[in-house]
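Q: please work out how this folds:
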Amino acid sequence: MSPNTLKIALAASVALNLFAVAAGVTVMVGQARVENRVESQHRGPRVPFRMMLESMDPTVRDRVRQELRATAMASRPDFDEARTARRAAITAAAAEPYDADQVRTLLEQSRTAELRGRSRLENDAVTVLGTLDVDDRRVLSVILARNGGRNGRHGRDRKTLREAPATPVAP
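A: Model prediction:
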């Protein structure tokens, strides 16, 4: 083969490989988008907590906000303890000599503290929901979801959140 033929064959091979890589990336990105879309349909729209409260009577809204804030502040030491124990577990896992029992104990302490905090948040939220009328309870019931009630910092802009309807709840 002549050098020109080799150069042309090499260029064609590189172009074909680039095309194959681009097609593979396109398929992977498309699949990820479909999976995200399906997951978001199951999860429902994320609406910030303050936007959930907007439809409430101002006096009820202020009371609910204060009660839930007090609960969050009371639960904060539990979550701080959980984070501290988890950080200690990470440090212990990287230490030499490695002590698996210590890491397990620290992770168990972290889980226990987190569950204690979650339990307090959920129990107080159920109590607050019990003081509301059915319409307000429907709007706020999403705070019981593990991912519900977050303030929309996870990839959605404020305009999209403003236009998103509240998640319907069957009566």
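Q: C-alpha only now, for contacts and for neighbours.
A: OK.
Q: and stretch 97-109, what's its mean pLDDT?
A: Mean pLDDT, taken over the full extent of stretch 97-109, equals 93.
Q: what of stretch 64-77?
A: Taken as a whole, stretch 64-77 has a mean pLDDT of 92.
Q: now that stretch: how far from the chain's centre is it?
A: Counting by CA atoms, centre = their mean, to the nearest Å, stretch 64-77 is centred 20 Å from the centre of its parent chain.
Q: could I get the buried residue list for that stretch?
A: Under the neighbour-count criterion of 16 or more other CA atoms under 10 Å, stretch 64-77 has 64, 65, 67, 68, 71, 72, 75, 76 buried.
Q: the host helix or strand of residue 85 - contacts with which helices or strands?
A: When elements are assigned from DSSP states H and E, residue 85 belongs to helix 58-94. Helix 58-94 makes packing contacts with helix 100-129 when contacts are defined by 3 or more CA pairs under 8 Å, 6 or more residues apart in numbering; DSSP states H and E.
Q: list the buried ones in the helix it packs on?
A: Under the neighbour-count criterion of 16+ other CA under 10 Å, helix 100-129 has 103, 106-114, 117-118, 120-122, 124-125, 128-129 buried.
Q: what angle separates that helix from helix 58-94?
A: With axes from the mean of the first three to the mean of the last three CA atoms, to 10 degrees as the criterion, the two stretches helix 100-129 and helix 58-94 enclose an angle of 180 degrees.
Q: least confident secondary structure element in this protein?
A: Taking mean pLDDT, DSSP states H and E as the measure, the chain has helix 158-163 as its least confident helix or strand, at a mean of 40.
Q: regarding this protein, what is its longest helix?
A: helix 3-43 (DSSP state H).
Q: what about it, distance to the chain center?
A: What separates the centre of helix 3-43 from the centre of its chain is 30 Å, taken as CA atoms, centre = their mean.
Q: also stretch 110-127?
A: Offset of stretch 110-127 from its chain centre (CA atoms, centre = their mean): 17 Å.
Q: now do it: everything it contacts.
A: 68, 71-72, 75-76, 78-79, 81-86, 143-144 (CA atoms under 8 Å, 6 or more residues apart in numbering).
Q: just the CA atoms of that stretch, as CSV, please.
A: This file holds the C-alpha atoms of stretch 110-127, laid out as CSV (Å, rounded to 0.1, in the frame of the first residue of the first chain):
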residue,chain,number,x,y,z
SER,A,110,-24.6,7.7,63.5
ARG,A,111,-27.6,5.7,62.3
THR,A,112,-29.2,5.7,65.8
ALA,A,113,-28.8,9.4,66.2
GLU,A,114,-30.2,10.1,62.7
LEU,A,115,-33.2,7.8,63.3
ARG,A,116,-33.8,9.6,66.6
GLY,A,117,-33.8,12.9,64.8
ARG,A,118,-36.0,11.7,62.0
SER,A,119,-38.5,10.2,64.4
ARG,A,120,-38.8,13.4,66.3
LEU,A,121,-39.3,15.4,63.1
GLU,A,122,-41.9,12.9,61.7
ASN,A,123,-43.9,12.6,65.0
ASP,A,124,-44.1,16.3,65.5
ALA,A,125,-45.1,16.8,61.8
VAL,A,126,-47.9,14.3,62.3
THR,A,127,-49.0,16.2,65.3
